[in-house]
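Q: let's see this in three dimensions:
(one chain, ligands or ions: 1)
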Amino acid sequence: MTSAATKQSALDAFADAAGTDNVRTDPADIARTLRDNSWLSPILKEYVETRRGSDDGESMGVLAVVTPCDEDAVLGVIAAAVKHRIPIVPRGGGTSNFGQTVPVEGGIILDLRGLTGVTDVADGRITARAGTLQGGVDDAARESGQELTILTTTYATATIAGWIAGGHVGLGASQYGTIWDGNVLGARVATAEPTPRIIDLDESNVLPVLHTYGTTGVILDVTMPLVPAEEWDEVVIDAPDLATAGALVRAIATENLPHRVATAQEPVLMDCFRPLRSLELKGAGIMVMIARRAAARLGELCQLHQCTLHPWKQWGETDRPSIGVMVYGHRMLWLKKGYPNAGFLHVYFSPGEEDDQVIALKERFGDAVLVEIKYINSAWLRGLCDLDGPGLLPASVLAVDPGTPELINEVMSFCQELNVNVQNPHTLKLEESGLFPDFEQILEFKREVDPYHLLNPGKIGNATLERQR
Ligand SMILES: Cc1cc2nc3c(=O)[nH]c(=O)nc-3n(C[C@H](O)[C@H](O)[C@H](O)COP(=O)(O)OP(=O)(O)OC[C@H]3O[C@@H](n4cnc5c(N)ncnc54)[C@H](O)[C@@H]3O)c2cc1C
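A: A predicted model of the protein is given here:
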């Protein structure tokens, strides 16, 4: 328990480092800042509500939100927090949906949105400060005729550091994979030591800060790869049934057509995407973002599979909502409109067996499990499924309705029986997420950068941390 005198001394030190106006302590203001999207998981929602109803109140025991405007101020704030042994929860846009920014042990929220700007654009790479919006980074790349390989669907509000520390896929993952597949070329991170150091990480050693929720250093800037920019067309395809829709999506992926997304939804789900209702689809729906140079081939594939193609819009036009905000993470928001009690499970099917596995899931659970089919080109995710090397992995975010812990657990057990790999998002603990085959190297890096376990505590379990001592 931190004493009142220690808290005041820490607050004074934060104000010295970041400026008085950049240290906010009003509980209502803190509670507003703490909003996130954990409510998407019924299990995490319950945890957050319980915390808010506890003695810690709506501000969940957070002392202050500190928003430094430059790197020196960040280092000063970290030094003050370490001196007073106060937890630090880094935060970007606050869009994460699985509790990544929930302050399990209170402390301060270190809001990195004051650190903005693209610092370097070169052939094939771009560097930006931590708090720069990912969409802004892509805009800067486009000015040089290039673009990011992957965009989180929250690109308009999520920061570049928040994405590499809290997200992992997005538009482009079907071609380029995840953050772990060479899509982060480097990062500079500050340690949580009495005198914070800055460590320069490159592609060969950046792994411990990827999707580790800021537990392994405060990211100051990020370097991402760039590829030549495409002109993207968005189309919606009407398929007679889910099996045909899945086959068409598989053809797009295996022919390696340049596309940012291709995802098949079972027919009953399409009504959830309200902007698309005007298309009056009759069967399963497929949302595709395709490079214009491959549009003709997509038309041929549609004919071959007896599907109907509806042009939707061009990327960047503002006349209609983009399908970019109906897929990946955003898809859950639309499904919640039709299925308010649904919970979600990220699953990976066995390549070549995906159709049979989908049929088995539907036969067992009917409309209590609602399915999409997409493909991700990721050696990392394949490794989690005991598959060697690069290649495509059939993937889905299942909607489980109702998303009660009992039903979610039942679906997870059945998936295990089917040999469908499940990634569990309903936990605050990284080591339980199923995303890390080798957690030891993360622990080893953490030992170096966070000796007092002050960075986002609670996101790595105590038993796991004991192993690093
Ligand atoms: C509607 C919706 C759609 C989504 N779509 C996608 C998607 O397509 N792909 C995807 O991968 N994710 C998706 N997400 C989740 C995703 O994590 C976030 O959208 C985004 O990546 C987080 O960025 P942020 O700036 O909001 O980070 P925050 O939510 O603020 O933080 C995320 C994590 O990173 C840590 N962090 C933030 N900044 C730093 C820093 N500078 N140094 C160290 N740690 C830091 C935080 O402590 C936290 O643990 C979606 C979420 C929602 C709600």
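Q: get me the contact residues on the chain for the ligand.
A: With Cβ under 6 Å from any ligand atom as the criterion, the chain meets the ligand at residues 37, 89-97, 100-101, 112, 130, 152-154, 158-159, 161-163, 165-170, 213-214, 218-219, 328-330, 333, 456. C-beta here means a position set from N, CA and C on the backbone, and glycine is covered the same way.
Q: buried among those? Make that a ChimeraX selection.
A: In ChimeraX, a selection of the buried entries from these looks like this (16 or more other Cβ atoms under 10 Å):
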select :37,89,90,91,92,93,94,95,96,97,100,101,112,130,152,153,154,158,159,161,162,163,165,166,167,168,169,170,213,214,218,219,328,329,330,456
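Q: could you list which of the residues of the chain next to the ligand belong to helices?
A: Mapping the residues of the chain next to the ligand onto helices (DSSP state H) picks out 161-163, 165-166, 328-330, 333.
Q: tabulate the residues you listed (TSV), appending distance to residue 391.
A: TSV is the format used below for these (distance: Cβ to Cβ, whole Å):
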residue	distance to residue 391
161	29
162	29
163	24
165	27
166	26
328	20
329	24
330	26
333	30
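Q: now residue 210: how far from the ligand?
A: 10 Å (Cβ to the nearest ligand atom, to the nearest Å).
Q: what count of nearby residues applies to that residue?
A: 22 (other Cβ atoms under 10 Å).
Q: OK, contacts around it?
A: 164-165, 168, 179-180, 184 (Cβ atoms under 8 Å, 6 or more residues apart in numbering).
Q: closest one to the ligand out of the residues you listed, please.
A: residue 165 (3.3 Å; Cβ to the nearest ligand atom).
Q: am I right that that closest one is in contact with residue 208?
A: No: counting by Cβ atoms under 8 Å, residue 165 stays clear of residue 208, with 10.8 Å between them.
Q: follow-up on the earlier one: mind putting the contacts of residue 210 in CSV, distance to residue 460 included?
A: CSV is the format used below for the contacts of residue 210 (distance: Cβ to Cβ, whole Å):
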residue, distance to residue 460
164, 18
165, 14
168, 17
179, 18
180, 18
184, 20
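Q: for residue 69, state which of those is nearest.
A: residue 165 (20.1 Å; Cβ to Cβ).
Q: leaving out sequence neighbours, find the closest residue to that closest one.
A: Excluding the flanking residues, the one nearest residue 165 by Cβ to Cβ, 6 or more residues apart in numbering is residue 214, at 5.1 Å.
Q: the one you found contacts residue 90, doesn't it?
A: Yes: with contact defined as Cβ under 8 Å, residue 214 counts as touching residue 90 (3.7 Å).
Q: pull up the overlap in contacts between those two.
A: With Cβ under 8 Å, 6+ apart, residue 214 and residue 90 have common neighbours 165, 455-456.
Q: take those and lay them out in CSV including pLDDT.
A: CSV is the format used below for these (pLDDT from 0 to 100):
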residue, pLDDT
165, 98
455, 98
456, 97
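Q: adding distance to residue 323, write those out as a markdown table.
A: A markdown table is the format used below for those (distance: Cβ to Cβ, whole Å):
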| residue | distance to residue 323 |
| --- | --- |
| 165 | 27 |
| 455 | 37 |
| 456 | 33 |
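Q: nearest to residue 31, of those?
A: For those, the nearest to residue 31 is residue 456 (18.7 Å; Cβ to Cβ).
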